[in-house]
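# Got a predicted model here, sequence first, then my questions.
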Amino acid sequence: MKSVPRGFFITGTDTGVGKTLVAAALTRAFVARGLRCAVMKPVAAGGSRTPAGFRNDDALELLAASNVQAPYEHVNPWLLAMPASPHLAARMDGVTIGIPRILAARDRLAAAADVLIVEGAGGWEAPISATGTMADIAASLELPVVLVVGLRLGCLNHALLTREAIRARGLPFTGWIANKLDREMPLLRENIQTLTTRFGADPLAVVPVDPTDSAWAVAGAGNLLSH
Ligand SMILES: Nc1ncnc2c1ncn2[C@@H]1O[C@H](COP(=O)(O)OP(=O)(O)OP(=O)(O)O)[C@@H](O)[C@H]1O
Ligand SMILES: [Mg+2]
(Lines give C-alpha, C1' and ligand atoms only; values in the text may rest on other atoms or scores of the structure.)
(Ligands and ions follow the chains in the order given, each with its own letter.)
Protein backbone atom coordinates (compact mmCIF):
# COMPACT_ATOMS: atom_id res chain seq x y z
CA MET A 1 0.00 0.00 0.00
CA LYS A 2 1.26 3.46 -0.85
CA SER A 3 2.19 5.37 2.29
CA VAL A 4 0.68 8.83 2.52
CA PRO A 5 3.02 11.50 3.88
CA ARG A 6 2.04 13.87 6.64
CA GLY A 7 1.45 17.29 5.25
CA PHE A 8 0.67 20.81 6.38
CA PHE A 9 -0.71 23.82 4.52
CA ILE A 10 0.95 26.98 5.82
CA THR A 11 -1.30 30.00 5.58
CA GLY A 12 -0.90 33.43 7.12
CA THR A 13 -2.82 36.38 8.45
CA ASP A 14 -1.69 38.37 5.42
CA THR A 15 0.99 38.57 2.82
CA GLY A 16 4.47 39.22 4.21
CA VAL A 17 3.81 37.77 7.67
CA GLY A 18 6.53 35.11 7.69
CA LYS A 19 5.01 32.10 5.91
CA THR A 20 8.17 31.40 3.94
CA LEU A 21 10.46 32.00 6.90
CA VAL A 22 8.38 29.58 8.99
CA ALA A 23 7.86 26.99 6.23
CA ALA A 24 11.58 26.87 5.38
CA ALA A 25 12.63 26.64 9.04
CA LEU A 26 10.12 23.85 9.72
CA THR A 27 11.38 22.03 6.63
CA ARG A 28 14.97 22.24 7.91
CA ALA A 29 13.78 20.97 11.31
CA PHE A 30 12.04 17.97 9.71
CA VAL A 31 15.16 17.25 7.65
CA ALA A 32 17.26 17.43 10.84
CA ARG A 33 14.96 14.78 12.34
CA GLY A 34 15.89 12.47 9.49
CA LEU A 35 12.61 12.85 7.61
CA ARG A 36 12.28 13.34 3.89
CA CYS A 37 10.53 16.70 3.67
CA ALA A 38 9.13 17.88 0.34
CA VAL A 39 7.98 21.45 -0.24
CA MET A 40 5.45 23.19 -2.43
CA LYS A 41 4.50 26.71 -3.37
CA PRO A 42 1.56 25.79 -5.60
CA VAL A 43 0.92 29.33 -6.84
CA ALA A 44 3.51 32.11 -6.92
CA ALA A 45 3.25 35.56 -8.44
CA GLY A 46 6.47 37.28 -9.38
CA GLY A 47 9.98 36.02 -9.82
CA SER A 48 13.31 36.68 -11.37
CA ARG A 49 15.31 35.40 -14.26
CA THR A 50 17.94 32.81 -13.29
CA PRO A 51 20.25 30.66 -15.41
CA ALA A 52 17.71 27.83 -14.95
CA GLY A 53 14.79 30.00 -16.07
CA PHE A 54 12.17 32.23 -14.45
CA ARG A 55 11.94 31.37 -10.75
CA ASN A 56 10.07 32.53 -7.65
CA ASP A 57 12.10 33.38 -4.53
CA ASP A 58 9.78 31.62 -2.08
CA ALA A 59 9.86 28.41 -4.08
CA LEU A 60 13.67 28.55 -4.28
CA GLU A 61 13.97 29.21 -0.55
CA LEU A 62 11.71 26.26 0.25
CA LEU A 63 13.55 24.04 -2.23
CA ALA A 64 16.89 24.98 -0.66
CA ALA A 65 15.59 23.82 2.74
CA SER A 66 14.18 20.54 1.40
CA ASN A 67 16.02 17.23 1.07
CA VAL A 68 13.64 15.87 -1.56
CA GLN A 69 15.03 16.41 -5.04
CA ALA A 70 12.28 17.59 -7.36
CA PRO A 71 11.95 19.43 -10.64
CA TYR A 72 11.09 23.08 -10.06
CA GLU A 73 7.73 22.64 -11.80
CA HIS A 74 6.59 20.16 -9.17
CA VAL A 75 7.44 22.53 -6.32
CA ASN A 76 5.85 25.51 -8.04
CA PRO A 77 3.37 24.34 -10.69
CA TRP A 78 1.90 27.80 -11.27
CA LEU A 79 4.39 30.66 -11.62
CA LEU A 80 2.96 33.97 -12.77
CA ALA A 81 5.07 36.82 -14.05
CA MET A 82 3.62 39.76 -12.20
CA PRO A 83 3.99 40.23 -8.42
CA ALA A 84 0.28 40.86 -7.90
CA SER A 85 -2.78 39.02 -6.66
CA PRO A 86 -2.64 35.60 -8.38
CA HIS A 87 -6.00 36.04 -10.12
CA LEU A 88 -4.84 39.30 -11.71
CA ALA A 89 -1.34 38.03 -12.46
CA ALA A 90 -2.89 34.96 -14.12
CA ARG A 91 -5.15 37.16 -16.20
CA MET A 92 -2.15 39.22 -17.31
CA ASP A 93 -0.37 35.98 -18.31
CA GLY A 94 -3.48 34.76 -20.15
CA VAL A 95 -3.73 31.60 -18.04
CA THR A 96 -6.33 30.10 -15.73
CA ILE A 97 -4.93 28.53 -12.58
CA GLY A 98 -6.16 24.95 -12.47
CA ILE A 99 -6.00 22.71 -9.44
CA PRO A 100 -5.39 19.38 -11.28
CA ARG A 101 -1.84 20.47 -12.17
CA ILE A 102 -1.22 21.16 -8.46
CA LEU A 103 -2.59 17.79 -7.40
CA ALA A 104 -0.48 15.98 -10.00
CA ALA A 105 2.65 17.75 -8.73
CA ARG A 106 1.67 16.93 -5.15
CA ASP A 107 1.36 13.24 -6.02
CA ARG A 108 4.86 13.22 -7.51
CA LEU A 109 6.35 14.93 -4.46
CA ALA A 110 4.39 12.85 -1.98
CA ALA A 111 5.72 9.63 -3.47
CA ALA A 112 9.22 10.57 -2.31
CA ALA A 113 8.47 12.23 1.03
CA ASP A 114 7.57 11.58 4.66
CA VAL A 115 6.34 15.13 5.18
CA LEU A 116 5.03 17.73 2.76
CA ILE A 117 5.08 21.45 3.58
CA VAL A 118 2.90 23.65 1.37
CA GLU A 119 3.05 27.44 1.46
CA GLY A 120 0.01 29.40 0.34
CA ALA A 121 0.21 32.71 -1.51
CA GLY A 122 -0.99 35.78 0.37
CA GLY A 123 -3.70 35.08 2.95
CA TRP A 124 -6.35 32.37 3.22
CA GLU A 125 -8.85 33.89 0.78
CA ALA A 126 -6.39 35.37 -1.70
CA PRO A 127 -8.15 35.10 -5.10
CA ILE A 128 -6.60 32.74 -7.64
CA SER A 129 -9.25 33.03 -10.37
CA ALA A 130 -12.55 34.77 -11.12
CA THR A 131 -14.23 32.82 -8.30
CA GLY A 132 -11.59 30.64 -6.64
CA THR A 133 -9.28 31.44 -3.73
CA MET A 134 -6.22 29.89 -2.07
CA ALA A 135 -8.66 28.17 0.29
CA ASP A 136 -9.83 26.03 -2.65
CA ILE A 137 -6.27 24.83 -3.11
CA ALA A 138 -5.90 24.00 0.58
CA ALA A 139 -9.22 22.13 0.47
CA SER A 140 -8.25 20.20 -2.68
CA LEU A 141 -4.95 19.19 -1.10
CA GLU A 142 -6.92 18.02 1.96
CA LEU A 143 -4.18 19.17 4.28
CA PRO A 144 -4.45 20.32 7.87
CA VAL A 145 -3.79 24.03 8.16
CA VAL A 146 -1.18 25.93 10.16
CA LEU A 147 -1.76 29.66 10.57
CA VAL A 148 1.22 32.00 10.81
CA VAL A 149 0.18 35.09 12.73
CA GLY A 150 2.40 38.06 11.95
CA LEU A 151 2.22 39.93 15.23
CA ARG A 152 1.44 43.52 14.36
CA LEU A 153 -1.48 45.83 14.94
CA GLY A 154 -4.57 44.33 13.29
CA CYS A 155 -3.37 40.75 13.51
CA LEU A 156 -5.99 39.66 16.04
CA ASN A 157 -8.82 40.51 13.67
CA HIS A 158 -7.02 38.81 10.76
CA ALA A 159 -6.21 35.75 12.85
CA LEU A 160 -9.74 35.29 14.16
CA LEU A 161 -11.30 35.83 10.71
CA THR A 162 -8.89 33.34 9.15
CA ARG A 163 -9.61 30.76 11.85
CA GLU A 164 -13.34 31.12 11.15
CA ALA A 165 -12.83 30.74 7.40
CA ILE A 166 -10.74 27.58 7.90
CA ARG A 167 -13.44 26.18 10.16
CA ALA A 168 -16.13 27.04 7.58
CA ARG A 169 -14.20 24.94 5.02
CA GLY A 170 -14.22 22.00 7.41
CA LEU A 171 -10.45 21.68 7.23
CA PRO A 172 -8.50 20.53 10.28
CA PHE A 173 -6.74 23.41 12.05
CA THR A 174 -3.46 22.06 13.39
CA GLY A 175 -2.61 25.27 15.17
CA TRP A 176 -0.98 28.63 14.92
CA ILE A 177 2.51 30.07 15.00
CA ALA A 178 3.18 33.45 16.60
CA ASN A 179 5.71 35.42 14.57
CA LYS A 180 7.28 38.45 16.25
CA LEU A 181 7.38 40.37 13.01
CA ASP A 182 7.29 43.85 14.52
CA ARG A 183 9.85 44.44 17.26
CA GLU A 184 8.10 47.70 18.20
CA MET A 185 4.69 46.15 18.79
CA PRO A 186 3.33 47.12 22.20
CA LEU A 187 1.78 44.41 24.38
CA LEU A 188 3.22 41.53 22.36
CA ARG A 189 2.82 39.03 25.18
CA GLU A 190 -0.76 40.14 25.77
CA ASN A 191 -1.57 39.72 22.07
CA ILE A 192 -0.19 36.17 22.10
CA GLN A 193 -2.19 35.48 25.26
CA THR A 194 -5.35 36.80 23.62
CA LEU A 195 -5.03 34.38 20.72
CA THR A 196 -4.05 31.53 23.02
CA THR A 197 -7.30 32.08 24.91
CA ARG A 198 -9.50 32.54 21.86
CA PHE A 199 -8.00 29.63 19.92
CA GLY A 200 -7.94 27.50 23.03
CA ALA A 201 -4.37 26.46 22.23
CA ASP A 202 -0.82 27.64 22.83
CA PRO A 203 1.08 28.53 19.68
CA LEU A 204 2.92 25.61 18.09
CA ALA A 205 5.96 27.88 18.04
CA VAL A 206 6.89 31.46 18.80
CA VAL A 207 9.27 32.96 16.25
CA PRO A 208 11.60 35.55 17.77
CA VAL A 209 12.47 38.83 16.08
CA ASP A 210 15.28 38.18 13.59
CA PRO A 211 15.61 34.51 14.52
CA THR A 212 19.23 33.43 14.71
CA ASP A 213 18.77 29.90 16.03
CA SER A 214 16.37 27.13 15.14
CA ALA A 215 15.15 26.13 18.62
CA TRP A 216 11.67 27.52 17.92
CA ALA A 217 11.43 25.61 14.62
CA VAL A 218 12.68 22.38 16.20
CA ALA A 219 9.99 22.75 18.87
CA GLY A 220 7.38 23.66 16.26
CA ALA A 221 8.20 20.64 14.09
CA GLY A 222 7.93 18.38 17.13
CA ASN A 223 4.56 19.88 18.02
CA LEU A 224 3.31 19.44 14.45
CA LEU A 225 4.25 15.77 14.42
CA SER A 226 2.58 15.12 17.74
CA HIS A 227 -0.74 16.40 16.42
N1 LIG B 1 10.42 37.01 13.05
C2 LIG B 1 10.91 37.81 12.10
N3 LIG B 1 11.88 38.69 12.39
C4 LIG B 1 12.40 39.49 11.45
N5 LIG B 1 12.01 39.49 10.16
C6 LIG B 1 11.03 38.63 9.80
C7 LIG B 1 10.43 37.75 10.74
N8 LIG B 1 9.49 37.03 10.09
C9 LIG B 1 9.52 37.43 8.80
N10 LIG B 1 10.44 38.39 8.62
C11 LIG B 1 10.78 39.06 7.37
O12 LIG B 1 9.57 39.60 6.84
C13 LIG B 1 9.56 39.46 5.41
C14 LIG B 1 8.33 38.66 5.01
O15 LIG B 1 8.49 37.31 5.47
P16 LIG B 1 8.10 36.11 4.52
O17 LIG B 1 8.67 36.31 3.16
O18 LIG B 1 8.45 34.84 5.22
O19 LIG B 1 6.52 36.33 4.48
P20 LIG B 1 5.42 35.55 3.62
O21 LIG B 1 4.20 35.47 4.46
O22 LIG B 1 6.01 34.30 3.12
O23 LIG B 1 5.16 36.56 2.41
P24 LIG B 1 4.45 36.23 0.98
O25 LIG B 1 3.00 36.50 1.19
O26 LIG B 1 5.11 37.23 0.07
O27 LIG B 1 4.76 34.81 0.62
C28 LIG B 1 10.87 38.79 5.04
O29 LIG B 1 11.80 39.77 4.69
C30 LIG B 1 11.29 38.07 6.31
O31 LIG B 1 12.67 37.88 6.42
MG1 LIG C 1 6.22 33.66 1.18
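Yes, it's here. Remember, it's a predicted structure, so these values are computed and weren't measured experimentally. Ligands and ions are numbered 1, 2, ... in the order given.
# Need the contact partners of whichever strand or helix holds N223.
Secondary structure from DSSP states H and E places N223 in helix 215-225. Outside helix 215-225, the residues that touch it by CB atoms under 8 Å, 6 or more residues apart in numbering are 6, 8, 22, 25-26, 28-30, 32-33, 146, 174-175, 177, 204-208, 211. Where C-beta positions appear, they are placed from N, C-alpha and C, glycine not excepted.
# do the same with stretch 167-174
Residues contacting stretch 167-174 (CB under 8 Å, 6+ apart): 8-9, 135, 138-139, 142-147, 163, 166, 204, 224, 227.
# quick one: which of those is nearest P186?
L147 (22.3 Å; CB to CB).
# roughly how far apart are the closest residue to V118 other than its chain neighbours and L88?
Spatially, and ignoring its direct neighbours in sequence, V118 is nearest to M40 (4.4 Å; CB to CB, 6 or more residues apart in numbering). As judged by CB to CB, to the nearest Å, M40 and L88 stand 22 Å apart.
# swap in F9?
23 Å.
# R28 now?
Taking CB to CB, one finds R28 at 33 Å from L88.
# Compare those two and say which is more crowded by neighbours.
Neighbour count, other CB atoms under 10 Å: between R28 and L88, R28 has more, with 19 against 13.
# unless I'm mixing things up, the more buried one is touching D213, no?
No: using CB atoms under 8 Å, R28 makes no contact with D213, being 11.6 Å away.
# Centre of the chain to the helix or strand where R167 lies, how far?
Taking DSSP H and E as the criterion, R167 maps to helix 155-169. The chain centroid and the centroid of helix 155-169 are separated by 15 Å under CA atoms, centre = their mean, to the nearest Å.
# The contacts of stretch 167-174 in helices, which ones?
Taking DSSP state H, the ones among the contacts of stretch 167-174 that sit in helices are A135, A138, A139, R163, I166, L224.
# picking up where we left off before, looking at the contacts of stretch 167-174, which two lie furthest apart in space?
A139 and L204 (21.3 Å).
# So for the two, which sits in the more crowded spot?
Set side by side, A139 and L204 show more neighbours around L204, with 25 against 17, by other CB under 10 Å.
# contacting residues for that one?
V146, T174, G175, W176, I177, G220, N223, L224.
# 7 Å instead?
The neighbourhood of L204, defined by CB atoms under 7 Å, 6 or more residues apart in numbering, consists of V146, G175, W176, I177, G220, N223, L224.
# Same question for S48.
Contact partners of S48, counting by CB under 7 Å, 6+ apart, are R55.
# can you check the one 4 residues further on too?
By CB under 7 Å, 6+ apart, the contact set of A52 is empty.
# give me the number of residues near the residue in the chain that ligand 2 sits nearest to?
Closest residue of the chain to ligand 2, CB to the ion: T20 (3.3 Å). T20 has 20 neighbouring residues, counting by other CB under 10 Å.
# How about R6?
Residues contacting R6 under the criterion other CB under 10 Å number 17.
# measure the closest residue to A32 other than its chain neighbours to A25 for me?
Leaving aside its sequence neighbours, A32 sits nearest to V218 (CB to CB, 6+ apart; 7.1 Å). V218 is 9 Å from A25, where distance means CB to CB.
# So for these two, which residue has more residues nearby?
A count of neighbours by other CB under 10 Å puts A25 above the other of V218 and A25, at 22 against 18.
# And the pLDDT at the more buried one?
At A25, the pLDDT value in this model is 98.
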